[in-house]
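> Predicted model follows, preceded by the sequence.
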Amino acid sequence: MTKILCMGAGLVGGPTMAMIARKNPAVQVTVVDINRKRIDAWNSDHLPIYEPGLDEVVKEARGRNLFFSTDVEQGIREADIIFVSVNTPTKTFGHGAGCAADLQYWEKCARQILEISTSDKIVVEKSTLPVRTAAAMERILHSGKKGVRFEVLSNPEFLAEGTAIADLDKPDRILIGGHPTPEGQRAVRKLVELYGAWVPKEKILTTNLWSSELSKLTANAFLAQRVSSINSISALCEATDADIGEVARAIGTDSRIGPKFLKASVGFGGSCFKKDILNLVYLCEGYGLHEVAEYWRQVVRMNEYQERRFVARMLKEMFNTIAGKRIALFGFAFKADTGDTRESPAILVARELLEENADLVITDPQALEHARLDLADGIDRVTFESDPYQAARGAHAVALLTEWREYRTLDYQRIFDGMVQPAFLFDGRNHLDHAKLHAIGFNVYSIGKAALKHF
Ligand code: UDX
Ligand code: ADP
């Protein structure tokens, strides 16, 4: 029986391994993590992450051929294939701080694999890593003298949070990078077989290691670039009488452009986009490609501009002062259907509003716990409230920052009646029925559209 180990039980490792186990009942999959609380949660009825459909997949395979454990050493010893899916955050210190990837957790894994292994292994990079990281991993793994053979593959994950299970079930493609040597190709075939259990063969792309690593960074950079591009045009729409929804539809019907990822918003968030672009920037700079680096850096700058612009507009429209005003933030997660708040635009928006001395009430169906941690330093001026009606009570303004479906069907007349007048609504996701809100009496501001005011 093939035995698989995954190091790192995070948002990538957990769901991906659950799906592999579900689709390959004859393969034993173990997910390990150094964080005991996380593993306990994976073994309980309350999984550590909120992801639609995940519970069923885990329940089906857990205890059968899917196991969660903190015993990293035993896991390594027994495994034929080891996926490394540990965190690779942006460095906060030293050379490349704020840009390069922090590879300390990842390198520790490589050293631990080398130290403990007594049989040949395929080691698969699942975390997003800078290009040529596999070479460093190989150097570490091949520094041992025990005669154990390691073959390193790159197999980046393209799932998006909130739709992880659907993305894993029907991926656009699976990407596997390996060496062109016979051993490298044998390892690639093993991984192809694993995914072939449910993914059509023509959707499994094989490339060399470096193309695979670079493709992951490039895919995220292109996606983020689309959001920054449409957001840049949203600023122009607000200055003219153009409507960003109409512009997006008009350009999206061009089959060369396509309709997806053209939703103007308060900004993109998530653990990947900013980190991966900065990674790409650092990589380009390392190779002396300064113009290329600068080109991609602008995508991140445009995103920060969009977030600040949102707050600046709130301030301007609310008579240039929000000090002491109660403002309700509807949503804190970086997108709907996740409790994740990493790099959420809501963090910067909340901080800027606090700097203006506003009183914040934050509501979110899944992300309040994380929001509390994100704003721990300014917490005396922030209230966390699970009921959106309570959150909006006595508020001067509601700012919608996450496109949760339930925010569409709230009773906005009731919300309006409980607010301080004139009531303001800032829709950072163009998610609500603006004409209806305006008819109720709200002064409505959205992204890239003319404001609907009563004065
Ligand atoms: C992304 C990639 O999509 C995925 O392939 C990769 O594996 C990890 O990074 P994720 O960050 O989970 O996934 O979410 P995604 O759906 O890409 O959204 C990222 C951010 O962009 C969110 O804040 C979202 O609200 C925002 N966004 C997305 C927009 O503002 N407008 C859009 O049109 C699309
Ligand atoms: P991602 O979103 O990429 O999945 P996360 O930060 O959610 O990233 O998860 C990474 C996980 O990797 C964390 O739970 C962390 O505890 C775990 N981890 C870090 N180093 C190791 C290690 N050496 N062995 C096992 N797990 C590790």
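Okay, I see it. Ligands and ions are numbered 1, 2, ... in the order given.
> which SS class is the residue of the stretch 1-150 of the chain found nearest ligand 2?
Closest residue of the stretch 1-150 of the chain to ligand 2, CB to the nearest ligand atom: Gly10 (2.0 Å). C-beta here means a position set from N, CA and C on the backbone, and glycine is covered the same way. When classified by DSSP: H, G, I helix; E, B strand; the rest coil, Gly10 comes out as coil.
> Kindly state the pLDDT recorded for it?
What the model reports as pLDDT for Gly10 is 94.
> what about it, how many residues close to it?
21 (other CB atoms under 10 Å).
> where's it relative to Cys99, distance?
22 Å (CB to CB, to the nearest Å).
> again with Arg342
Remark: distance between Arg342 and Cys99 (CB to CB) = 17 Å.
> From what I see, Glu125 and Val152 are in contact.
Yes: taking contact to mean CB atoms under 8 Å, the distance of 7.0 Å between Glu125 and Val152 places them in contact.
> residue contacts, the residue of the stretch 1-150 of the chain closest to ligand 2?
Contact analysis of Gly10 by CB atoms under 8 Å, 6 or more residues apart in numbering lists Asp33, Arg38, Ile49, Ser85, Val86, Asn87.
> can you count the residues close to the second one?
Arg38 is flanked by 20 other residues according to other CB under 10 Å.
> Can you show me the CA trace of stretch 104-118 as PDB?
Provided in PDB are the C-alpha atoms of stretch 104-118 (Å, rounded to 0.1, in the frame of the first residue of the first chain):
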ATOM      1  CA  GLN A 104      12.800  28.600   7.700                       C
ATOM      2  CA  TYR A 105       9.800  26.200   8.300                       C
ATOM      3  CA  TRP A 106      10.300  24.700   4.900                       C
ATOM      4  CA  GLU A 107      14.000  24.100   5.400                       C
ATOM      5  CA  LYS A 108      13.400  22.500   8.800                       C
ATOM      6  CA  CYS A 109      11.200  20.000   7.100                       C
ATOM      7  CA  ALA A 110      13.900  19.200   4.500                       C
ATOM      8  CA  ARG A 111      16.400  18.600   7.300                       C
ATOM      9  CA  GLN A 112      14.000  16.500   9.300                       C
ATOM     10  CA  ILE A 113      13.100  14.400   6.300                       C
ATOM     11  CA  LEU A 114      16.900  13.800   5.600                       C
ATOM     12  CA  GLU A 115      17.600  12.900   9.300                       C
ATOM     13  CA  ILE A 116      14.800  10.400   9.700                       C
ATOM     14  CA  SER A 117      14.400   8.700   6.400                       C
ATOM     15  CA  THR A 118      15.700   5.200   6.000                       C
END
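> Can you tell me what sits against that stretch?
With contact meaning CB under 8 Å, 6+ apart, stretch 104-118 is reached by 7, 72-73, 76-77, 82, 84, 86-88, 121, 123, 127, 129, 133, 136-137, 140-141, 143-144, 146, 148, 150.
> and the stretch 151-300 of the chain, which residues reach ligand 1?
Residues of the stretch 151-300 of the chain lying close to ligand 1 by CB under 6 Å from any ligand atom are 157-161, 220, 223, 227, 261-263, 265, 268-270, 272-273.
> Got a ChimeraX select line for the buried ones in those?
Applying 16 or more other CB atoms under 10 Å to those leaves a buried subset, and the ChimeraX line that selects it is:
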select :157,158,159,161,220,223,227,261,262,263,265,268,269,270,272,273
